[in-house]
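K.L.:
what's the 3D shape of this:
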Amino acid sequence: MTDDFSRLQDWVGRRESREDVVAADRVAAMAATLDLDAGPHPGEALPPGWHWMFFNTRGAAKARDIGADGHPKRGGFLPDVALPRRMWAGGRLAYSERSIRVGEAIRRRSEIAKVDVKQGRSGTLVFVLVKHHIEGAGGGVIEEEHDIVYRDAPQPGAAAPTPPPAPGGAKWTKGINPDPVLLFRYSALTFNGHRIHYDQPYVTQVEGYPGLIVHGPLISTLLLELLRREQPDRRLARYAFRAVSPLFDTAGFTVNGATGEGDSVRLWATGPQGQLAMEATAVMS
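P.N.:
Numbers count the residues shown, from 1 in each chain. Here you go, the predicted structure:
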């Protein structure tokens, strides 16, 4: 580990706490964004994955503290990583038997659990593990481990890595059109200012991507919505997901699922060329 990155260990153990309310109007807006005929009403369970739209406006960075990419400037709770790209790499979720419900006050306690610096084929990579404990006023709990990766920008002319092919054997599938309106609305709901999701000139001319990037948590939520559609009478106990390759607004993709052994379910997102974009495993009860 170089001197430039050794100081990142100072962030391990750093904590913060935020509070919010599972407001019915925001839940209704998420349902509309996901093209659902109706969302949960006050007193009903918040669907899995929908918690990602909360806690983002409380303590949010002021306009003067926003960087050129639309993210808050480096430092603060998350480590001050001097690499230009930050990505949502995956995570793990555990749900209590009682659900967090629409209308409840909620609190999230977060801690930086680990910072790892590695050298990859594309340069330096910094992996940050953040643990969240989310609890509703009625006792519902979500335990979350969130994986973030920071990386260098690719060298000019460098070929993008070839992603693995997506698996076959889907029992359920749904096509998704990731148009700019969907991405903008999800950015607004999650208070995500990262310009790669809504600013087409920026993402193509500055970051060098072929189009707007579909949010990792949005893909994950769409996988969970497929599961909820197909198994509406079962409760999600655990969920783990990993981003494999990016998806863009330039073409549609599919979310897919199949039952596994016992109470497990395999979920994955397939890109327009048949590539694996995200894989996940759910355990039902």
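K.L.:
which helix or which strand is home to the spatially most central residue of the chain?
P.N.:
The chain has P217 as the residue nearest its centroid, 2.4 Å off, counting by Cα atoms, centre = their mean. Per DSSP states H and E, P217 falls inside helix 216-230.
K.L.:
return the set of buried residues in that helix.
P.N.:
By neighbour count on 16 or more other Cβ atoms under 10 Å, the buried set for helix 216-230 is 216-228. C-betas here are computed from N, CA, C, even on glycine.
K.L.:
name the nearest residue to the residue nearest to the centre of the chain, sequence neighbours excluded.
P.N.:
W52 (4.7 Å; Cβ to Cβ, 6 or more residues apart in numbering).
K.L.:
helices or strands next to the helix holding P217 in the packing?
P.N.:
strand 85-95, strand 172-176, helix 180-189, strand 236-243, strand 253-259, strand 264-270, strand 276-284 (3 or more Cβ pairs under 8 Å, 6 or more residues apart in numbering; DSSP states H and E).
K.L.:
for S6, find the nearest of those.
P.N.:
Across the helices and strands packed on helix 216-230, S6 has its closest neighbour in strand 85-95 (19.7 Å, Cβ to Cβ).
K.L.:
which residues of the stretch 151-285 of the chain score low on pLDDT?
P.N.:
156-159 (pLDDT under 70).
K.L.:
on the pLDDT front, check D3 for me.
P.N.:
You'll see D3 listed with a pLDDT of 50.
K.L.:
oh sorry, the question was meant for A63
P.N.:
88.
K.L.:
contacts only, for it.
P.N.:
Contact analysis of A63 by Cβ atoms under 8 Å, 6 or more residues apart in numbering lists nothing.
K.L.:
any idea how far it is from S187?
P.N.:
16 Å (Cβ to Cβ, to the nearest Å).
K.L.:
now G175, which residues is it bridged with?
P.N.:
T254 (DSSP bridges).
K.L.:
burial measure for it, as a count.
P.N.:
8 (other Cβ atoms under 10 Å).
K.L.:
tell me who's in contact with the residue nearest to E230 when sequence neighbours are not counted.
P.N.:
Excluding its sequence neighbours, the residue lying closest to E230 (Cβ to Cβ, 6+ apart) is W172, at 4.9 Å. Shown in contact with W172 (Cβ under 8 Å, 6+ apart): L226, R229, E230, N256, G257, A258.
K.L.:
can you tell me how far W172 sits from L46?
P.N.:
22 Å.
K.L.:
got it, and G13?
P.N.:
30 Å.
K.L.:
ok, now Q231?
P.N.:
17 Å.
K.L.:
again, but for E111
P.N.:
Taking Cβ to Cβ, one finds E111 at 23 Å from L46.
K.L.:
how would you label S6: helix, strand or coil?
P.N.:
helix (DSSP: H, G, I helix; E, B strand; the rest coil).
K.L.:
how far away is it from V115?
P.N.:
10 Å.
K.L.:
could you do G76 as well?
P.N.:
15 Å.
K.L.:
which one of the two has more residues nearby?
P.N.:
V115 (22 against 14).
K.L.:
just to revisit the earlier point, can you confirm the residue nearest to P217 is in a helix?
P.N.:
Yes - assignment of W52 by three-state DSSP places it within a helix.
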